[in-house]
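J.: Everything below, folded, please.
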Amino acid sequence: MGVALDEARRAGAAGDVPVGAVVLSPAGEVLGTGHNLREVDGDPSAHAEVVAIRAAASSLGTWRLDDCTLVVTLEPCLMCAGAILQSRIPRLVLGAWDEKAGATGSQWDVVRDARIGAKVEVVSGVRADECAAVLSEFFEARR
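T.: Below is the predicted model of the structure:
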């Protein structure tokens, strides 16, 4: 989560919502990192999770991220939950819940929906206070 928090801070420093993500191999090696780049790139799909998943897939030379773990500072949205399923990531570690738009356990639980057939293990609350503080500080500075 430390790497993901560093990525989140990079996003915030660039003026984007401070969310960071990292994809880990089964052995715990960093395969890809990412932070929100929506403002920087002008790309609505440039969420931290998608950026990290793309980097990991490039690193491995395959879109299948079987047995990998995605660590993210904020609960993924619907789009990112779909990217997790499409890339076959079986494990998600998240910091803060997103009560407005979260799709992995709060508002929706797409990654564990029996109708889809995939079962992603979700570990929540890892350094949650620190992850939430990074977001709170960012938005307080803009009010």
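
J.: and the biggest helix by length in the chain, what other elements does it pack with?
T.: If you go by DSSP state H, the chain has its longest helix at helix 128-142. Helix 128-142 sits against helix 2-13, strand 69-74, strand 91-96, with contacts defined as 3 or more Cβ pairs under 8 Å, 6 or more residues apart in numbering; DSSP states H and E. In this view, the C-beta of every residue, glycine as well, is placed from N, C-alpha and C.

J.: Nearest to residue 27, out of those?
T.: strand 69-74 (10.6 Å; Cβ to Cβ).

J.: From the chain's centre, how far out is the closest one? Work that out for me.
T.: Centroid separation for strand 69-74 versus its chain: 4 Å, with Cα atoms, centre = their mean, to the nearest Å.

J.: send the alpha carbons of that strand over as CSV?
T.: C-alpha atoms of strand 69-74 as CSV (Å, rounded to 0.1, in the frame of the first residue of the first chain):
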residue,chain,number,x,y,z
THR,A,69,-2.9,-8.7,-6.7
LEU,A,70,-4.2,-5.2,-7.3
VAL,A,71,-3.5,-2.8,-4.4
VAL,A,72,-5.4,0.6,-4.6
THR,A,73,-5.9,3.5,-2.2
LEU,A,74,-9.6,4.0,-3.0
